[in-house]
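> need a 3D model of the following:
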Amino acid sequence: MKLSGNTILITGGGSGIGRGLAEALQQLGNQVVIAGRRQTALNETVNANPGMHSAVLDVRDADSVRRFAEEITVRFPTLNVLINNAGIMRAETFPANSLTDAEAIIATNLLGPIRLISAVLPHLGKQTRATIMNVSSGLAFVPMVITPTYCATKAAIHSYTQSLRFQLKKTNIEVLELIPPYVATDLMGGKSDPRAMPLDKYIAEVMNILKTQPTPAEICVAGVQRLRCAAEGGSYDAIFQGLNSGA
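Model (predicted):
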């Protein structure tokens with residue numbers, strides 16, 4: 001992935017990992033557009049980063065995604081990088097869990113990226129070089145049972161990204177997967193959890209990987225390798241039990 005001179009769209013860019021990526025990538029000389037449902041968060045991020053742009057997008061709504069893609073590619077004709085970061089995470093306890101929560105998680109975390117990729121893919125195909133980066137999670141590889149639908153959507157994003165990468169391997173579009181560990185963001189109260197990796201340290205490690213290595217298909221900081229490689233390393237059962245011992 002070329003690290004400067006891009007026009008980058010980041011969903012969920014008003015907070016958390018999305019905002020961290022947006023700020024770091026803008027500092028490298030990219031034009032950055034953040035998108036999300038919360039106008040207040042978008043405004044706060046843009047105001048703190050002069051030159052950054054924003055657009056309201058609800059990835060849960062298919063018609064909204066189509067309209068957004070048409071408008072954003074006209075507004076930013078040099079758009080060549082899409083980072084699908086928008087996501088929600090909610091606890092679900094069976095049998096009393098709400099189907100509404102599960103459907104919202106699937107619509108945001110899985111259908112949202114699939115719809116947006118489909119909508120902007122023709123535009124990306126016209127660029128000299130383009131990149132799609134999908135944000136999954138270490139929990140795609142070892143689930144945390146209190147958030148079953150979240151983990152399932154992230155596992156699905158991992159699988160979808162592998163297939164998309166293979167299908168596009170002979171095109172100008174590279175397909176990457178960013179696999180975060182437990183990071184201190186607003187998801188599930190992680191912002192105040194001392195066990196979570198500080199957001200600034202996570203972003204710094206990601207950017208160091210991008211700057212110093214030929215861009216790997218999967219961008220994994222050291223703190224997520226244990227989850228990512230649990231099955232291959234034969235430690236899946238032990239890690240699963242440890243992760244879910246308090247459930």
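> pLDDT below threshold where in this protein?
189-190, 247 (pLDDT under 70).
> counting contacts, what elements does the longest helix along it pack onto?
In the chain, with assignment by DSSP state H, the single longest helix is helix 148-167. Packing contacts for helix 148-167, counted by 3 or more C-beta pairs under 8 Å, 6 or more residues apart in numbering; DSSP states H and E, involve helix 99-106, helix 112-124, strand 130-135, strand 173-178. All C-beta atoms are positioned from the backbone trio N, CA, C, and that covers glycine.
> mean neighbour count added to these, as TSV?
Below are these laid out as TSV (neighbours: other C-beta atoms under 10 Å):
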stretch	mean neighbour count
helix 99-106	15
helix 112-124	20
strand 130-135	23
strand 173-178	21
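> which residues of the chain fall in strands?
With DSSP state E as the criterion, the chain has strands at 7-11, 31-36, 53-56, 81-84, 130-135, 173-178, 218-219.
> quick check: R38 touching G14?
Yes. Using C-beta atoms under 8 Å, R38 makes contact with G14 at a distance of 5.8 Å.
> who's more crowded, the two?
G14 (24 against 12; other C-beta atoms under 10 Å).
> residues touching the more buried one, list them.
I34, G36, R38, A41, L42, E44, T45, S54 (C-beta atoms under 8 Å, 6 or more residues apart in numbering).
> not counting sequence-adjacent ones, nearest residue to it?
The shortest distance from G14 to any non-neighbouring residue, by C-beta to C-beta, 6 or more residues apart in numbering, is to A41 (3.2 Å).
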